[in-house]
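1. just a sequence and a predicted model for now, questions to come.
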Amino acid sequence: MTQDVQREQWGSKIGFILAAAGSAVGLGNIWRFPYVTGQNGGAAFVLIYLAIVFIIGFSVMLAEMAIGRKAQLNAVGSFSKLAGGLWPLVGWMGVAAGFIILSFYAVIGGWTIKYFIHSFTGLMADAAAGKAGDVFGGFVTNTMQVILYQAGFMLVTIWVVYKGIGEGIEKYCKILMPALFLILLILIGRSVTLEGAGKGLEFYLKPDFSKITGASISAALGQAFFSLSLGMGCMITYGSYVDRKTALPGAAIQVCFIDTMVAILAGLVIFPAVFAFGVDAGAGPGLTFVTLPSVFAKMPGAMIWSGLFFLLLFIAALTSAISLLEVVSAYFIDKGWSRPQAAIIMGLLIFVLGIPSAMSLAGAPKVAGKDFLDAMDFISSNVLLPLGGVFISLFVGWFWTSDAEKEVTNEGTLTFGLMSMWIWVCRVIAPAAILYIFYTGLKW
Ligand code: PHE
């Protein structure tokens, strides 16, 4: 009975692209990108962001996909098989990052479920009475409730990963991603036709090159990395389920394109609406869970708009959460566990690690002065992902170069016009740029 079990595969190229795009499109696109852009020079920032995504982001994504497809294994196993030595540590960092990111991501995923439901059960009335802030404050300090919604979000995530690659992740992403685009377009239609929307567009997109500084470039790079799900083996894992015929460079470009488009479009929902009603934009969770409900409450059909928006956020969070759990589960599945075993056990452990994050919104526990949730976010986004990105780039650029070239050209049967650019970006440009943001982003 030592026969090799056939590795699961995506059923189609579009299935793979939508799953990878589902991983990339997440909370980072919808609540973070628009705000960071508005603060950092609007269209000028978008230009820099685009350059970073399509030069550095694309290169690291392609590197990850090539490693995964060649090895046909999880992030740790891929490095053991292709290189050995200390390289599997890079995969380990990725598995750890997946574990940590999902632990707090699921807490916020839980909020989106709560807010979706509550859109129809009183949120709009409270928000219309100016109490959106109280509603949010009341909810996040009700630890029992936050944990319950977090558990609900984890259950859905576990369910999809449990079902597997084709019957789970691919199937749901093929339904959820088109639904996400549709909701996004409906919401943009509503937002930009509001009276006074123009001021919001101006705040969001008016180019202001004087705001482009070292700090904003580093913000763009950090945002690009998190948003594209890079540096933690996610694209290695998803790449390991790709067939040998798929052209990886084209797939990587399409994922970068979809992710960036959704990020830019999300700003077209948020800022025109916020400015049309003259509320202060605020940032992060405040913008999403306090400002926006009060904006929706002022629209006719408030419940529908609020419900649609939080459904959008839920879908975006779910398809990213699935990929995080898959990175962790794939390691154990390749070790011989069954998929249900891996998904359920790892999902439960991640849920448990998330409990302090869920509680930290009520003020405790703290890690070296930071809220637990913020600390987890910092360790993963500012330390593990950038370091992972540096080593993945260096691996392809210096150590595994000719095999990488073979892999992205499907053994020389395809031409890849940007080959030498790709290799040099992996060799020098990406590691140098990432180390720079790593350094600037390291202030606790
Ligand atoms: N890309 C996701 C987002 O933008 C987050 C994520 C990071 C998902 C790393 C998987 C891996 O929200």
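-> Ah, there it is. Numbering: from 1, shown residues only.
2. what's the pLDDT at residue 368?
-> We have a pLDDT of 84 for residue 368.
3. how far away is the nearest residue to residue 23 once chain neighbours are set aside from the ligand?
-> With Cβ to Cβ, 6 or more residues apart in numbering as the criterion, residue 23 has its nearest non-adjacent residue at 3.5 Å, and that residue is residue 323. (Each C-beta comes from the backbone N, C-alpha and C, glycine too.) Residue 323 sits 5 Å away from the ligand, going by Cβ to the nearest ligand atom, to the nearest Å.
4. how about residue 323, phi and psi?
-> phi -70, psi -30 (degrees, to the nearest 10).
5. so it is in contact with residue 239, correct?
-> No. Between residue 323 and residue 239 there is no contact under Cβ atoms under 8 Å: 11.8 Å.
6. rewinding a little: so who does the residue nearest to residue 23 touch?
-> 19-20, 22-23, 169, 229, 234, 237-238 (Cβ atoms under 8 Å, 6 or more residues apart in numbering).
7. ok, those vs residue 66, which is closest?
-> residue 238 (12.2 Å; Cβ to Cβ).
8. which residue, other than its chain neighbours, is closest to the closest one?
-> residue 20 (5.3 Å).
9. the helix or strand hosting that neighbour near the ligand at all?
-> Element membership for residue 20 (DSSP states H and E) is helix 13-24. Yes. Residues of helix 13-24 contacting the ligand under Cβ under 6 Å from any ligand atom: 23-24.
10. packing partners for that helix?
-> Contacts defined by 3 or more Cβ pairs under 8 Å, 6 or more residues apart in numbering; DSSP states H and E place helix 13-24 against helix 171-192, helix 234-239, helix 248-276, helix 302-334.
11. next, count neighbours for residue 278.
-> 10 (other Cβ atoms under 10 Å).
12. now the helix holding residue 20 against helix 248-276, angle please.
-> 50 degrees (axes from the mean of the first three to the mean of the last three Cα atoms, to 10 degrees).
13. any idea how far helix 13-24 is from the middle of the chain?
-> Chain-centre distance of helix 13-24: 12 Å, with Cα atoms, centre = their mean, to the nearest Å.
14. what does stretch 86-99 give?
-> Using Cα atoms, centre = their mean, the offset of stretch 86-99 from its chain centre is 18 Å.
15. pull out the buried residues from stretch 383-395.
-> By 16 or more other Cβ atoms under 10 Å, the buried positions in stretch 383-395 come out as 384-395.
16. and which of these is nearest residue 40?
-> Looking across the buried residues of stretch 383-395 and measuring by Cβ to Cβ, the closest to residue 40 is residue 386, at 19.0 Å.
17. quick one: is the helix or strand hosting the closest one near the ligand?
-> Using DSSP H and E, residue 386 falls within helix 385-394. No. Between helix 385-394 and the ligand, judged by Cβ under 6 Å from any ligand atom, nothing touches; the nearest distance is 6.9 Å.
18. please apply the same query to stretch 218-228.
-> Yes. Stretch 218-228 reaches the ligand (Cβ under 6 Å from any ligand atom) through 226-227.
19. which residues of this protein lie near the ligand?
-> So far as Cβ under 6 Å from any ligand atom goes, the chain lies against the ligand at 23-24, 26-29, 101, 226-227, 229, 232, 234, 320, 323-324.
20. if you rank the residues you listed by neighbours, which is first?
-> Highest count within these by other Cβ under 10 Å belongs to residue 232, 34 neighbours.
21. isn't it up against residue 94?
-> Yes. With contact defined as Cβ under 8 Å, residue 232 counts as touching residue 94 (4.0 Å).
22. quick one: which of the contacts of residue 323 is nearest the ligand?
-> residue 229 (3.5 Å; Cβ to the nearest ligand atom).
23. show the contacting residues for that closest one.
-> Applying Cβ under 8 Å, 6+ apart to residue 229 gives the contacts 20, 23-24, 26, 235, 320, 323.
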